[in-house]
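Asks: sequence plus the predicted model coming up.
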Amino acid sequence: TPVVGVSAAADQALVSDGALVIAGGEAPAGAMPIRSAAGRLSLSGASLTHGGNIDVASGRVALAATDGDLRLEDGARISATSRVRDFDGQRTALDAGRVSLRAQGDVYLATGSRVDVSGREQANAGALSIEAGDGTVHLEGELIAATESALADGGRLAVDVHRLDSLDALVAHTAEFTAAQTVRVHEGDLALSTGTTLHAHQVALSADRGDVRIDGIVDARGISGGTVQVSAGRADGVGGHVQINGAVLASAQADRGSGGQVEIGVSGREATDEAGATIGLGESARIDVAGRNAVGTADDSGRITLSA
């Protein structure tokens, strides 16, 4: 498959008023693949279909469908993995880059598609953002944010969509985004089911006009405690409830580790909505923000904030 890239450190864009299609297939005879490093590539069309291979090491890639759907087809590749360079025999790896997928309609990642923001050697993994202004994300492809060093940060994920059919299905595809995961829906609910664990050091779950229910586990534990934010908004008598029946874990796991922070909030658009917004903690609910002192004993350096 031909490779699309940009010159090193370049900032290049292709904008179409109509449909933009990046086709796959074999490169013409004699053509050389173009791979780039630390550049920026922006592709935009009223709708956008990507079936090729985009490779911008440690750079930024932005695909946008301004009036329709964004589709990554079977075989499509987007890579912003770490660039590794050799300076006088000394290997240096740059942090992985950023990928943005934005559509006014839906975002589709078909089976066989792949987005890769992995960090190589000592470098941190990169970031992926997915936005669907009037739609949702259909995730059947691979999202990769692996790291090779235990000291490197995992990937950072931000999902902002009108609605989301299943938080569990999203979490099943995003296990390597361990630095941060932010999920926001404008309409509808977010539910993390029993048996499902969302693991990232920073977690934010919000429903603008819906409920958030956690029956599974949100795990933000680390050397120091993590940060978890959960919020639900109520409008026109709909939404505004947060219910915790599972576990929210944001404690420190190392000696002298500071405690974590958990913030749970509900709000209403009007006064009548404010009165109907609630926070519920089930009998088996567990919220842990404990820090650890020098001898490894839990301390009270963490913070839990409930706002209604």
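Replies: Cool, got the structure.
Asks: helices of the stretch 101-250 of the chain, start to end?
Replies: Assigned by DSSP state H, counting those that start in this stretch, the helices in the stretch 101-250 of the chain fall at 167-172.
Asks: any low-confidence regions in it?
Replies: For the stretch 101-250 of the chain, no stretch is flagged by pLDDT under 70.
Asks: strand partners of the helix or strand harbouring residue 86, parallel vs antiparallel please.
Replies: Taking DSSP states H and E as the criterion, residue 86 maps to strand 84-87. On the basis of DSSP bridges, the sheet neighbours of strand 84-87 come out as strand 90-93 (antiparallel).
Asks: how far does the strand it pairs with sit from its chain's centre?
Replies: Relative to the mean C-alpha coordinate of its chain, strand 90-93 is positioned 28 Å out (CA atoms, centre = their mean, to the nearest Å).
Asks: quick check: buried residues in it?
Replies: Of the residues in strand 90-93, those with enough neighbours to count as buried (16 or more other CB atoms under 10 Å) are residue 93. Where C-beta positions appear, they are placed from N, C-alpha and C, glycine not excepted.
Asks: restrict it to CA atoms and write it as CSV.
Replies: Taking Å, rounded to 0.1, in the frame of the first residue of the first chain, the C-alpha atoms of strand 90-93 are listed here in CSV:
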residue,chain,number,x,y,z
GLN,A,90,23.7,7.4,20.6
ARG,A,91,20.2,6.3,19.9
THR,A,92,17.4,8.7,20.9
ALA,A,93,13.7,8.0,20.7
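Asks: which residues sit against that strand?
Replies: 82-86, 119-123 (CB atoms under 8 Å, 6 or more residues apart in numbering).
Asks: which among those count as buried?
Replies: Restricting those to buried positions leaves 82-83, 119-120, 122-123, with burial counted as 16+ other CB under 10 Å.
Asks: I'd assumed residue 219 was in contact with residue 197.
Replies: Yes - here residue 197 reaches residue 219: they are 5.7 Å apart, a contact under CB atoms under 8 Å.
Asks: returning to that earlier point: biggest separation within the buried ones among the contacts of strand 90-93, which pair?
Replies: In terms of CB to CB, the buried ones among the contacts of strand 90-93 reach their longest pairwise distance at 83 and 122, which sit 12.9 Å apart.
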